[in-house]
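S.K.: one predicted model, sequence on top.
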Amino acid sequence: MGEARSARKIARFGVFEADLLSGELRKDGTKIHLQEQPFQILALLLERPGEVVTREELRRQLWPADTFVDFDHSLNTAVNKLREALADSASNPRFVQTVARRGYRLIAPVEHDEAGAAPAHPLPAPSEPEAHSIEAKPEIHPELGVPIPRRGLTRGLFLLIQLMYLIFYLAALVRLSEVHRLADSFLPGWGAAAIVAAVLVTAGVGIPLRCYLISCVAFDHQKSAEKFRRLFPFILGMDQLWAVAPFLLVGWIGFGAAFAATAGLLYLPFSERTLIRMAYPEDVSRSRA
């Protein structure tokens, strides 16, 4: 078995070709940059297509026993990079499938080019119905009970919400005199002054807060969900205050539109929390990347 394994040079799957000796990955003949650890994971999966390669096996192969490293985070990062190179996704895999709480499995048919030796135990390629059934089974979020969508989608929506709030803050600060005039039209005196003070304070705090959340998700910080959870009570309170902002425009957009916009803004922080939990499911961070 060892001789057959060492003789393997080229492994083909889909439109990809992996040179297991040189550590190169190509797509339709074009070389794709892939770091050493993600390629080692790919090589292990290619040796056993259709079989589960456990996380413990990957740990032993990639990190010796005397290596001190955040194994879960490092493995998730390496698998993420492998999936990016393969244009694959955890929620709808074509190549690398996550097996919850166990490890990973290569679900695509693999062809090996041998150097003078036939594989000792050739593994038949999965039939088309089997491959289809594997791909069709979505990964379920352990807490929300819904299929986990593409991380790019959930992260993108979360970033758009943060940008929206940034625009709110900047627009309110730029047109602060207009905000004071509108507030004074229905809450003259100290009420208008309180509204302007609230806008100044919350916008001043909100701008760096939104920039921080944008940087966390944009750079794919793996503990973004944990950080957001700690900040959520503060974010919730601040967002509820800004939810009444449409009523400052009631003279222009009417009461009904202002009421509808406020209702949507009241729900928005809960949408943020759901999106961040989908993009970074904490309970399955050890079983998927």
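M.R.: Right, received. Where do you want to start? Residues are numbered from 1 along each chain as shown.
S.K.: the helix or strand harbouring Y104 packs against which elements?
M.R.: For Y104, the element it lies in under DSSP states H and E is strand 103-106. When contacts are defined as 3 or more Cβ pairs under 8 Å, 6 or more residues apart in numbering; DSSP states H and E, strand 103-106 sits against helix 36-47, strand 52-54, helix 55-62, strand 96-99. Using the backbone N, CA and C atoms, a C-beta is placed for each residue, glycine as well.
S.K.: where does pLDDT dip in the stretch 101-250 of the chain?
M.R.: 114-148 (pLDDT under 70).
S.K.: for it, what spans make up the strands?
M.R.: In the stretch 101-250 of the chain, the strands defined using DSSP state E, counting those that start in this stretch lie at 103-106, 111-114.
S.K.: can you lay out these as a markdown table showing distance to Y280?
M.R.: Below are the strands of the stretch 101-250 of the chain laid out as a markdown table (distance: least, Cβ to Cβ, whole Å):
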| stretch | distance to Y280 |
| --- | --- |
| strand 103-106 | 19 |
| strand 111-114 | 36 |
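S.K.: of the ones you listed, which stretch is the most buried?
M.R.: Counting by mean count of other Cβ atoms under 10 Å, strand 103-106 has the highest mean neighbour count of these, with a mean of 23.
S.K.: what strands flank that strand, and is each parallel or antiparallel?
M.R.: strand 52-54 (antiparallel), strand 96-99 (antiparallel) (DSSP bridges).
S.K.: which of those strands is buried the deepest?
M.R.: strand 96-99 (a mean of 20).
S.K.: list the contacts of the strand holding Y104.
M.R.: 13, 41, 45-46, 48-58, 79, 95-99 (Cβ atoms under 8 Å, 6 or more residues apart in numbering).
S.K.: helices or strands next to the longest strand belonging to the chain in the packing?
M.R.: Taking DSSP state E as the criterion, the chain has its longest strand at strand 8-13. Contact analysis of strand 8-13 by 3+ Cβ pairs under 8 Å, 6+ apart lists strand 16-19, helix 36-47, strand 111-114 as its packing neighbours.
S.K.: mean confidence for the first one?
M.R.: Mean per-residue pLDDT for strand 16-19: 90.
S.K.: now stretch 261-275
M.R.: So the average pLDDT for stretch 261-275 ends up being 90.
S.K.: who's in contact with that stretch?
M.R.: So stretch 261-275 is contacted by 144, 154-155, 157-158, 161, 228-229, 232, 235-236, 239-240, 242-247, 253 (Cβ under 8 Å, 6+ apart).
S.K.: what about 7 Å?
M.R.: With Cβ atoms under 7 Å, 6 or more residues apart in numbering as the test, stretch 261-275 has contacts from 154, 157-158, 161, 228, 232, 235-236, 239-240, 242-244, 246-247.
S.K.: return the distance of it from the chain's centre.
M.R.: Computed by Cα atoms, centre = their mean, to the nearest Å, the separation of stretch 261-275 from the middle of its chain amounts to 20 Å.
S.K.: run a quick neighbour tally on the closest residue to Y280 other than its chain neighbours.
M.R.: Using Cβ to Cβ, 6 or more residues apart in numbering and skipping residues adjacent in sequence, the residue nearest Y280 is A225, 3.7 Å away. Using other Cβ atoms under 10 Å, A225 is surrounded by 19 other residues.
S.K.: again with G254
M.R.: The burial count for G254: 11, using other Cβ under 10 Å.
S.K.: and the closest residue to R94 other than its chain neighbours, what's its pLDDT?
M.R.: The shortest distance from R94 to any non-neighbouring residue, by Cβ to Cβ, 6+ apart, is to D88 (5.6 Å). D88 carries a pLDDT value of 88.
S.K.: need the CA coordinates for stretch 258-271. PDB is fine.
M.R.: Output of stretch 258-271 as PDB, limited to C-alpha atoms (Å, rounded to 0.1, in the frame of the first residue of the first chain):
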ATOM      1  CA  ALA A 258     -42.100  56.800   8.500                       C
ATOM      2  CA  PHE A 259     -43.900  54.200  10.500                       C
ATOM      3  CA  ALA A 260     -43.000  51.400   8.000                       C
ATOM      4  CA  ALA A 261     -39.300  52.500   7.900                       C
ATOM      5  CA  THR A 262     -39.200  52.600  11.700                       C
ATOM      6  CA  ALA A 263     -40.700  49.100  12.000                       C
ATOM      7  CA  GLY A 264     -38.000  47.700   9.600                       C
ATOM      8  CA  LEU A 265     -35.200  49.500  11.500                       C
ATOM      9  CA  LEU A 266     -36.500  48.100  14.800                       C
ATOM     10  CA  TYR A 267     -36.000  44.600  13.400                       C
ATOM     11  CA  LEU A 268     -32.600  45.300  11.800                       C
ATOM     12  CA  PRO A 269     -30.300  44.500  14.700                       C
ATOM     13  CA  PHE A 270     -31.900  41.100  15.100                       C
ATOM     14  CA  SER A 271     -31.200  40.500  11.400                       C
END
